[in-house]
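Novice: Could you look at this predicted model? Sequence included:
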Amino acid sequence: MANALSIIDKRRDIGNRITFVFQCLLSGSYVTSTTIGVAGETLNFNAASNPKLIARPKLPGSPAGVLPPNSAIKVVRCPDGYDALVEQNAVSPTQANYVLRLFTSGDTALGSGAYPAGVTGDTTGFIIEVTVPLKYD
């Protein structure tokens, strides 16, 4: 389990919301799980590299690492025909401990082992959008 997570864009959306766009490139191996928020690839959004020097790229904090209401995380691009889902870590939820789970089709989780070449060889990788309120407590 290794990834290179970078913030690549930030945009203001309607309804006073901000969307952060992250790129995730994977290497190494994957640990599968059928349990929500366990195993998969650990994502630390608040430690993502910031090569474009985007202002204030941190996700909001709140109790137990839960994003504020009206927030959303979605994977908008997956390489090589895979599906992906970002979930909060079930054991220790924080902004630094999200889980990227990969699926080969439907609800079939990617098996444990080295990432397929189609995942690691894709230079665009996974694109993840995190939408949060512009102002929050």
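Specialist: Okay, I see it.

Novice: what's around S27, how many residues?
Specialist: S27 has 12 neighbours, counted by other C-beta atoms under 10 Å. For the C-beta atoms, the positions are set from N, CA and C on the backbone; glycine is no exception.

Novice: do the same with P79
Specialist: For P79, using other C-beta under 10 Å, the count is 20.

Novice: Who are the packing partners of the least confident helix or strand in the chain by mean pLDDT?
Specialist: Lowest by mean pLDDT, DSSP states H and E among the helices and strands of the chain is strand 108-109, with a mean of 86. Secondary-structure packing of strand 108-109 (3 or more C-beta pairs under 8 Å, 6 or more residues apart in numbering; DSSP states H and E): strand 98-105.

Novice: how does it look with 6 Å?
Specialist: Counting contacts by 3 or more C-beta pairs under 6 Å, 6 or more residues apart in numbering; DSSP states H and E, strand 108-109 is packed against no other helix or strand.
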